[in-house]
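Participant: Got a predicted model here, sequence first, then my questions.
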Amino acid sequence: MVKSKSFKKADRKESYILKLLLFTIILISFGSRFIGLSKVPQGMHRDEVSIGYNAFSIAKTAKDEFGRPFPFIFESLGDFKLPTVIYTDVPFMGIFGLSDFWVRFPTALFGALTPIALFFLSKELFGPRIGFLSAISLAISPWHVLFSRAANETTIATFVAVVATFFLIKLVSKWTKTRLILCLVFFVIAIFTYRTQFIFTPLILTSISAINFCIILKWNSKQKAMSFFALAILAMSWLFVVNATGSTRVKDVGLQNSGEIIVNLKQQISQDLDEKPIITRIFHNKAIEAGKLFTRNYVAHFDFTYLFFTGDLKSTPNSTPYMGHLLLIDLPFLIMGLIGILYITGRNRSFPLLWVGAAPVASAFTVDTPSAMRNLISSVGFAMIIGIGISLVLDKFGKRYSTSVVLLIIAVYLANYVYFLHLFVNHKRMFSPWERDAGMEEMVRFVNRESGKYEKIVFGSYMDLYVFLLYFGKVDPAYIQAKEMGVNFVDRKIEIINLIDPKYYWMSTACTLNGDEGDLYVCPKQAIPMKNVDFVGRITFPDGLPAFNFITFDYSSPEKTIELPNRNNLYKPDPMEKIIFTPALN
């Protein structure tokens, strides 16, 4: 049938609008994640540094920092990382070298692409308008923007999961071999990227299969056989990666090691003085306490105070200060979206609820919850519900007040988003900057510049110091691998420091009261002696508090003393300090 001119004109208009919507999503998404990427957030966290140096080592020597050729699982800072986040960094480290921007680039790229992927997923489920509104909601989500701007596994895993789910939905709507293969490939990549996918992938796969079970039953025998074979491959991949990662991280953060469970059980058992042992064992055991704690953890991820006002109080690097993970203006539209789902027809209307429901399960099995990092994938589900809510408002009020309603929504969202950017750019750098290892780059540069003047450089105790010396010192991986060859370490994190440079030494304390003359001591924060000290330089946090002090010992004047302000007080630089301290680095 030949289309009339009016139909062709409508098709062209629809195509133009679709392209305009995509361009808007791309512009906002990429701008939010790439502008000032190397500087915001401030400081390269130790996990980012470890990812970057291991990728650099692979690019230069085909081995990780331990000298293992092309490992599948990377040992890193006492943990074992899945391979995707490091191998996506390898080409950029090989071409551009160790650079904060290029370490963060793959994560930012996948983060910027996620709203675009969500547009196509939501469009497939609910049409182009909800697809666009959902994608824009995610593009400006403080939660997603924050994690997209630092190298991590969870942002990449979120993108891969959205793409995998898109191909699964397409597969259900029309079975093709290409869609089956793409669906399988992306789900396998997801579970090779981040541990939360060990649980989320089976849950979302089962949920979508359940709500589309009648359609799946209609597949022919060949389609069913090939789908079952693909599912078997996914299951074997799941078993392989779960076994390969071991249980180290699970033991560290799993509920079985929760101190709260142990304390509660001891208290409950001690209070069962007159009960029979069998009664005590039935009512007071680890399974019951773990179940209660899991339920509390799970529910905590949906707390509106957490989502809209506080964010992660236990982990300041994982939230923006003075606000929650979602924009405050999202709150009424989230509520409207929950109502709007009732108005949607079709088998997939419950999909956003299934996504949001499955997302926190993995995080709920761990301590220190709710966790924005482990639960980042929830941001996708919330974005869909918010998009449905905005669409419902436009349906209810847009017909009569079309332009006014649209302009009002845009204005309020713009104001809220600008407020978030203000907090994110200006306040986050002042908010516990030491938790993002701010000042480490400047410290290493200072040491490298001044080391020729001293016999030894003695570092005060700082967690995972060695990886910062490797990364910011741009140490050749081949050099350090050759130095490590044949060495049997008792504590590699400490002993490798002297291999990086024979002048480098490490103290078990933050500083020492009595050091040797002629040596440079690098003491973090306020941990420095009051007597017999000359200050060579200082690195400060943005709020003026000291990050690192560079000192030498001088016993020629025993009466010479210096007092520093207490770390817990607001730091106000003394005018005399301009004379005492050499400016650290510009």
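Facilitator: On my side now, so go ahead.
Participant: make it CA atoms for all contacts and neighbour counts henceforth
Facilitator: OK.
Participant: for the protein, where's the lowest mean pLDDT among helices and strands?
Facilitator: None of the helices or strands of the chain scores lower by mean pLDDT, DSSP states H and E than helix 577-580, at a mean of 29.
Participant: In the stretch 201-350 of the chain, where is pLDDT below threshold?
Facilitator: 246-259, 273-275 (pLDDT under 70).
Participant: go again using 90 as the cut-off
Facilitator: 242-293, 313-317, 343-348 (pLDDT under 90).
Participant: Tell me where it has helices.
Facilitator: 213-217, 221-245, 248-253, 259-271, 277-283, 286-300, 304-305, 330-340 (DSSP state H, counting those that start in this stretch).
Participant: helices or strands next to the fifth one in the packing?
Facilitator: In this structure, helix 277-283 makes packing contacts with no helix or strand, judged by 3 or more CA pairs under 8 Å, 6 or more residues apart in numbering; DSSP states H and E.
Participant: Okay, buried residues for it please.
Facilitator: Residues of helix 277-283 classed as buried by neighbour count (16 or more other CA atoms under 10 Å): residue 280.
Participant: swap in stretch 385-394?
Facilitator: 385-394.
Participant: Do a quick rundown of the strands in the stretch 451-586 of the chain.
Facilitator: In the stretch 451-586 of the chain, the strands defined using DSSP state E, counting those that start in this stretch lie at 457-459, 504-506, 520-524, 533-540, 546-553.
Participant: Highest mean neighbour count across the helices of the stretch 201-350 of the chain, which stretch is it?
Facilitator: helix 330-340 (a mean of 19; mean count of other CA atoms under 10 Å).
Participant: neighbouring contacts of that helix?
Facilitator: Residues outside helix 330-340 that contact it (CA atoms under 8 Å, 6 or more residues apart in numbering): 308, 382, 385-390, 392-393.
Participant: still on that earlier bit, switch the helices of the stretch 201-350 of the chain over to a markdown table; also include distance to residue 64.
Facilitator: Listed next are those as a markdown table, based on distance: least, CA to CA, whole Å:
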| stretch | distance to residue 64 |
| --- | --- |
| helix 213-217 | 44 |
| helix 221-245 | 16 |
| helix 248-253 | 19 |
| helix 259-271 | 35 |
| helix 277-283 | 48 |
| helix 286-300 | 36 |
| helix 304-305 | 42 |
| helix 330-340 | 43 |
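Participant: For residue 161, find the nearest of those helices.
Facilitator: helix 221-245 (13.7 Å; CA to CA).
Participant: where do the helices sit along the stretch 451-586 of the chain?
Facilitator: Using DSSP H, counting those that start in this stretch, helices in the stretch 451-586 of the chain cover 465-472, 477-484, 492-500, 577-580.
Participant: least reliable of those helices going by mean pLDDT?
Facilitator: Sorting the helices of the stretch 451-586 of the chain by mean pLDDT places helix 577-580 lowest, at a mean of 29.
Participant: of all the strands of the stretch 451-586 of the chain, which lies closest to residue 356?
Facilitator: Among the strands of the stretch 451-586 of the chain, if distance is taken as CA to CA, the winner is strand 546-553, at 39.9 Å.
Participant: And the closest one, how far out from the chain middle?
Facilitator: A distance of 32 Å separates the centroid of the chain from that of strand 546-553, by CA atoms, centre = their mean, to the nearest Å.
Participant: right, and the helices of the stretch 451-586 of the chain - which one's nearest residue 23?
Facilitator: Across the helices of the stretch 451-586 of the chain, closest to residue 23 is helix 465-472 (CA to CA), at 37.0 Å.
Participant: List the buried residues for that closest one?
Facilitator: Those would be 465-472, for helix 465-472 by 16+ other CA under 10 Å.
Participant: Also compute the angle for that helix relative to helix 492-500, please.
Facilitator: Here the directions of helix 465-472 and helix 492-500 differ by 40 degrees (axes from the mean of the first three to the mean of the last three CA atoms, to 10 degrees).
Participant: Show me what helix 465-472 is packed against.
Facilitator: helix 46-61, helix 440-450, helix 492-500.
Participant: Against residue 317, how distant is the residue nearest to residue 361 when sequence neighbours are not counted?
Facilitator: Nearest in space to residue 361, with sequence neighbours left out and distances taken as CA to CA, 6 or more residues apart in numbering, is residue 298 at 6.4 Å. According to CA to CA, to the nearest Å, residue 298 and residue 317 sit 21 Å apart.
Participant: can you check residue 488 too?
Facilitator: With CA to CA as the criterion, residue 488 and residue 317 are 35 Å apart.
Participant: Same drill for those two, tell me which one is more crowded.
Facilitator: residue 317 (22 against 9; other CA atoms under 10 Å).
Participant: Among the strands of the stretch 451-586 of the chain, which comes closest to residue 375?
Facilitator: strand 546-553 (31.1 Å).
Participant: Export that closest one to PDB, keeping only CA atoms.
Facilitator: Only the C-alpha atoms of strand 546-553 are listed here, as PDB (Å, rounded to 0.1, in the frame of the first residue of the first chain):
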ATOM      1  CA  PRO A 546      46.100  20.400  56.300                       C
ATOM      2  CA  ALA A 547      46.100  17.300  54.100                       C
ATOM      3  CA  PHE A 548      49.900  16.700  54.300                       C
ATOM      4  CA  ASN A 549      52.700  18.400  56.200                       C
ATOM      5  CA  PHE A 550      56.300  18.000  55.000                       C
ATOM      6  CA  ILE A 551      58.700  18.400  58.000                       C
ATOM      7  CA  THR A 552      62.300  17.900  58.900                       C
ATOM      8  CA  PHE A 553      63.700  17.600  62.400                       C
END
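Participant: Fine by me, we can end here.
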